[in-house]
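Q: here you go, sequence then predicted model.
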Amino acid sequence: MDPLDFTGRAVVVTGGTRGIGAAIAAAFHAAGADVLICGRTPPAQPSPAQPSPAQPSPAQPPPGPHAPTPAAATSSSAASPPQSALPVVPPPGSAAGLPSIEFFQADVRDPAQVVALIGAAHDRFGRLDVVINNAGGSPQVPAATASPRLHAKIIELNLIAPLHVAQAANAVMREQDSGGVILMIGSVSGTRPSPGTAAYGAAKAGLHHLATSLAAEWAPKVRVNSLVVGPVEATSTLPAGPVEAMPTLPAGPAVKAAAGSAGKTMAAGRVRMPATASAGMPGSADGDLAAGPGERRVAGEGGPASTVARTVPMGRGATAAEVASACLLLASPLAGYISGASLAVHGGGEWPAYLADVRDTAYRAQK
Ligand SMILES: NC(=O)c1ccc[n+]([C@@H]2O[C@H](COP(=O)([O-])OP(=O)(O)OC[C@H]3O[C@@H](n4cnc5c(N)ncnc54)[C@H](OP(=O)(O)O)[C@@H]3O)[C@@H](O)[C@H]2O)c1
């Protein structure tokens, strides 16, 4: 059996609508998995056709056992994101013999929406095998003058939210004979000083550590690892696919019980996925965490390609697909005894500045 064949496996990728998350979603999709991605905003839609959200889709899959009544589906709370009206097209994933990638609208900083996300995946796929905590990022801000609110929001997105996602995922995975795998997309910013993104670096350092604690608590059923990712440069795309209006779903009972939200129904949009995305694109949906024009959203991860080429031993940043490959490996049975570990995906790290002269003479000369 091919250990990298994920056919029949259910995978959730937070922030999978673009960038590294899109590449991870595409990689698991290509490996045969059922994939659910999330974000605060739906991915870009390729078709101008916009049916009413009230119109049922003929291609719509049957609702899960906890599908809400129409009244519940249309009810909203302060924590509930808006539903989306999206075009309906035939599922090309099925034509290609592949499952579809689906999108669930959720802000991972809201624990109730996280419960709804994991519940939707469990209801839709009947299982949950892999969860990738990918959503994250930060603008470049001086630690001396950044507002307390911004600092808190950066920590919330990059550390607290992955904990909530992991907690909800574990509640499902621990009940499965096959357990599950949770991966944290960390950063080199969490392993060395991170000037300009101090709160982000501290959050990523905490994330790496969090993985070790969760791995210890949740073994042997659930493996938890982090990836220490260096600068990522190349673009990646999700497979072209259908966009389908879906009903809202409440969280499954196991997830609700674990999160202490039994009985609460979330209204969050879920659609099948089409989109194209590129790694390193500036974010936009959150004013506080968005980068300015021309800036990288994940500031401090690399800077210009020339800087990366000079400092990273491999001479370039990673492609998003290379990060995705590392996720496939860690989620596979090949990594069956790897838990509580950090895998560096950074092209050899960063050449020490105090050895720059040596590199430019001896090291470069050897190439
Ligand atoms: N890019 C790099 O060079 C690099 C290097 C090392 C590590 N990383 C890490 O890799 C991960 C992905 O980075 P990226 O550069 O691919 O980011 P990106 O292109 O900005 O994409 C971020 C994704 O996360 C989603 N997201 C953001 N906030 C969210 C929230 N509150 N709730 C739900 N989804 C949210 C975004 O969708 P919405 O905006 O619609 O919510 C989007 O899908 C991050 O954890 C980052 O720290 C990146």
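A: Okay, I see it.
Q: going forward, measure contacts between C-alpha atoms and count neighbours the same way
A: Will do.
Q: thought His164 was touching Gln113?
A: No. Using CA atoms under 8 Å, His164 makes no contact with Gln113, being 9.9 Å away.
Q: from Leu128, how far out is the nearest residue to Ala320 once chain neighbours are set aside?
A: The shortest distance from Ala320 to any non-neighbouring residue, by CA to CA, 6 or more residues apart in numbering, is to Ile20 (4.9 Å). Distance, Ile20 to Leu128, using CA to CA, to the nearest Å: 21 Å.
Q: which intervals of the stretch 151-300 of the chain have sub-threshold pLDDT?
A: Along the stretch 151-300 of the chain, the model assigns pLDDT under 70 to residues 234-300.
Q: try it again with 50
A: 242-252, 254-255, 258-259, 261-271, 273-288, 290-299 (pLDDT under 50).
Q: could I get the pLDDT score of the residue nearest to Gln113 when sequence neighbours are not counted?
A: Distances taken as CA to CA, 6+ apart place Ala106 nearest to Gln113, at 5.6 Å, with adjacent residues excluded. For Ala106, the pLDDT comes out at 98.
Q: which elements pack onto the helix or strand hosting Ala166?
A: Using DSSP states H and E, Ala166 maps to helix 161-173. Contacts defined by 3 or more CA pairs under 8 Å, 6 or more residues apart in numbering; DSSP states H and E place helix 161-173 against helix 111-125, strand 130-133, strand 180-187, helix 198-218, helix 253-259.
Q: and the ones you listed: which comes nearest the ligand?
A: strand 180-187 (4.3 Å; CA to the nearest ligand atom).
Q: so what are the sheet partners of that closest one and their directions?
A: Applying DSSP bridges, strand 180-187 is found paired with strand 130-133 (parallel), strand 222-229 (parallel).
Q: adding distance to the ligand and mean neighbour count, write those out as CSV.
A: Output for the strands paired with strand 180-187, formatted as CSV (distance: least, CA to the nearest ligand atom, whole Å; neighbours: other CA atoms under 10 Å):
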stretch, distance to the ligand, mean neighbour count
strand 130-133, 7, 28
strand 222-229, 4, 26
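Q: the strands in the stretch 1-150 of the chain, which residues?
A: For the stretch 1-150 of the chain, the strands defined by DSSP state E, counting those that start in this stretch cover 10-14, 34-39, 101-105, 130-133.
Q: higher neighbour count, His164 and Gln113?
A: Each of His164 and Gln113 has its neighbours counted (other CA atoms under 10 Å); Gln113 has more, 26 against 20.
Q: which helices and strands does whatever helix or strand Ile154 lives in pack with?
A: In this assignment (DSSP H and E), Ile154 forms part of helix 148-155. The helices and strands touching helix 148-155, judged by 3+ CA pairs under 8 Å, 6+ apart, are helix 198-218.
Q: quick one: the helix it packs on to strand 222-229, angle?
A: Between the axes of helix 198-218 and strand 222-229, defined by axes from the mean of the first three to the mean of the last three CA atoms, to 10 degrees, the angle is 150 degrees.
Q: quick one: helix 198-218 to helix 161-173, angle?
A: 20 degrees.
Q: helix 198-218 packs against which elements?
A: By 3+ CA pairs under 8 Å, 6+ apart, helix 198-218 packs against helix 148-155, helix 161-173, strand 180-187, strand 222-229.
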